[in-house]
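>>> What follows is a predicted protein model with its sequence.
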Amino acid sequence: MLEKSRSILAIEDDAEIGGILQVRLGSEGYEVEIANSGRTGLRQFFESRPDLVLLDVGLPEIDGFEILNRIREMSDTPVIFMSARGGEEDRVRGLSGGGDDYIVKPFGGRELVARIEAVLRRSVSSQTSTSNDVYEDARIRMNFSSHDVIIDGDPAYLTAYEYRLLKALVTHPNQVLSHSQLLDLVWGTDALEAALSSVRLYIGYLRNKIESDRSKPALIETIRGFGYRYRPPAK
């Protein structure tokens, strides 16, 4: 079981659901804060820096998808969508956009708690996958505390997904990671088939920024039928 002194921000405009979340998750030991609009939710997120966000899609002022975009510009905090909109298009949009999970209303309290704990376990595992705050090889230097990335001595400007993908690869050097493993490490989904293309897409984006020759990648190797492997360059 996880240690339960974790904070959760629920961005939910339905007061009844908000109250239920506070009672149910509070009984599990979580500290729960409720925001009843998108704009209020963003302000509270940046003020309180919760361990996890529960995010409705249909919100006044700013919808859940836009809120996630703004969160991901600055933070890797786990986000679980909870919405009555359970169609595949909405789920794929939420997950491929950087959501860690997507739960459709109505849902049971035990299921929600189980999903929260699963997402937090993945987050803790990702944060502790390296014993140091800095990764460095002959070409790349990553500071995991500041999120700075230096390639061949120059700053690299990576999106949140590109950064998380590179971090997943360099912290598992010479290890083949499958599409599903990368999807779980970077996007935090349950290997939703429709979102597997996101891995291939962002591998391409990342290669454009870190490879000396995009047509002949030397750092990120494609292992056909299996996935991708980071090959640290010889010093």
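Perfect, thanks for sending it.
>>> center of this protein - which residue?
Trp187 (4.5 Å; CA atoms, centre = their mean).
>>> I figured that one was touching Asp100, is that so?
Yes - Trp187 lies in contact with Asp100 (CB atoms under 8 Å); the separation is 7.3 Å. C-beta coordinates here come from the backbone N, C-alpha and C atoms, glycine included.
>>> all helices of this protein, in order?
15-26, 38-48, 64-72, 88-96, 109-127, 160-170, 179-182, 197-210 (DSSP state H).
>>> Can you give me the neighbour number for Gly153?
When neighbours are defined as other CB atoms under 10 Å, Gly153 has 7 of them.
>>> ugh, wrong one, I meant Ala10
Count around Ala10 with other CB under 10 Å applied: 24.
>>> And the pLDDT at it?
Note for Ala10: predicted pLDDT of 96.
>>> Which strand residues bridge it?
Ile34, Leu54 (DSSP bridges).
>>> Show me what stretch 101-120 is in contact with.
Residues outside stretch 101-120 that contact it (CB atoms under 8 Å, 6 or more residues apart in numbering): 1-2, 6, 8, 17, 20, 24-25, 28, 30, 51-52, 54, 78, 80-86, 90-91, 94-95, 100, 188-190.
>>> Show the buried residues in those.
Burial by neighbour count, 16 or more other CB atoms under 10 Å: within those this picks out 6, 8, 17, 24-25, 28, 30, 51-52, 54, 78, 80-83, 85, 90-91, 94-95, 100, 188-189.
>>> Who are the contact partners of the residue nearest to the centre of the chain?
Contacts of Trp187 by CB under 8 Å, 6+ apart are 95-96, 98-100, 161, 195, 198.
>>> can you list the domains in this protein?
7-127, 134-230 (automatic domain parsing).
>>> so where is this structure shaky, pLDDT-wise?
Across the chain, residues meeting the criterion (pLDDT under 70) sit at 1-5, 124-132, 188-196, 235.
>>> out of everything not next to it in sequence, what's closest to Arg49?
Closest residue to Arg49 apart from its sequence neighbours, by CB to CB, 6 or more residues apart in numbering: Thr77 at 7.5 Å.
>>> Distance check, the one you found against Ile150.
Going from Thr77 to Ile150 by CB to CB, to the nearest Å gives 25 Å.
>>> Repeat that for Pro78.
Using CB to CB, Pro78 is found at 27 Å from Ile150.
>>> neighbours of Asn174, just the number please.
9.
>>> That should have said Ser75, apologies.
Other residues close to Ser75 by other CB under 10 Å number 15.
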